[in-house]
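> A structural model of the following input is requested.
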Amino acid sequence: MVPGHTKFKCDGSFGLIKELYRKTTVDCVDHIVEVVKKSSTAGLNKAQCYENGKGFQYLDLNSVLGIFFKKLSGLQKYQHFLFEAANPGIVKAQLVANVLIPSRLDYRRQEYLYHNIRPFVRDEFKNITCPEPI
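Residues are numbered from 1 along each chain as shown. Predicted coordinates for the structure are as follows:
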């Protein structure tokens, strides 16, 4: 197989993102979202980002998975599912997933970004991507 190519259909459009990303100046997360959106004229690539709880897209899984699995009443209120190879056919469902809050970058890492990466970021995005260390 040629390096950079995959044999799976779902991975094919990822190459379009990589191709456009290499040709685009990206200074912040919003620019990456734009690269993903513009990478496919057919709309195959969609960015899934988190924006104050409004960024995720939820799909109706009942219509797709109902063919293969038993119905779980109130599926949409569950947020966390556990499948174990040791217990095939059994799914543990949890109403609320554990919320992970990302920790702040340590001071050394902030300094590194500020002094080494910031010079390569366009002026209008420097305070977003590489702010002054706190």
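> Could you find the closest non-adjacent residue to Ala93?
Tyr78 (4.4 Å; Cβ to Cβ, 6 or more residues apart in numbering). C-betas here are computed from N, CA, C, even on glycine.
> how deep is that neighbour tucked in, by neighbour count?
16 (other Cβ atoms under 10 Å).
> Mind telling me which residue is nearest the centre of the chain?
Geometric centre of the chain, nearest residue: Gln48, 5.4 Å, by Cα atoms, centre = their mean.
> and the gap between Val96 and Tyr78?
9 Å (Cβ to Cβ, to the nearest Å).
> Show me the helices in this structure, by range?
9-12, 14-23, 29-38, 61-65, 107-112, 126-129 (DSSP state H).
> how about those in a markdown table, adding mean pLDDT, mean neighbour count and distance to Leu72?
Shown next, in a markdown table, are the helices of the chain (pLDDT from 0 to 100; neighbours: other Cβ atoms under 10 Å; distance: least, Cβ to Cβ, whole Å):
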| stretch | mean pLDDT | mean neighbour count | distance to Leu72 |
| --- | --- | --- | --- |
| helix 9-12 | 68 | 9 | 25 |
| helix 14-23 | 89 | 14 | 31 |
| helix 29-38 | 88 | 16 | 32 |
| helix 61-65 | 72 | 11 | 9 |
| helix 107-112 | 95 | 12 | 42 |
| helix 126-129 | 92 | 14 | 41 |
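> export the ones you listed to TSV and tack on distance to Pro88?
Below are the helices of the chain laid out as TSV (distance: least, Cβ to Cβ, whole Å):
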stretch	distance to Pro88
helix 9-12	24
helix 14-23	30
helix 29-38	35
helix 61-65	16
helix 107-112	42
helix 126-129	45
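> Arg118: which of those is closest?
helix 126-129 (5.4 Å; Cβ to Cβ).
> where does the protein dip in pLDDT?
1-10, 51-58, 62, 97-99 (pLDDT under 70).
> related to what we said a few turns ago, Ile90 is nearest to which of the helices of the chain?
helix 61-65 (15.6 Å).
> what's that closest one in contact with?
If you take Cβ atoms under 8 Å, 6 or more residues apart in numbering as the criterion, helix 61-65 is touched by Lys71, Leu75.
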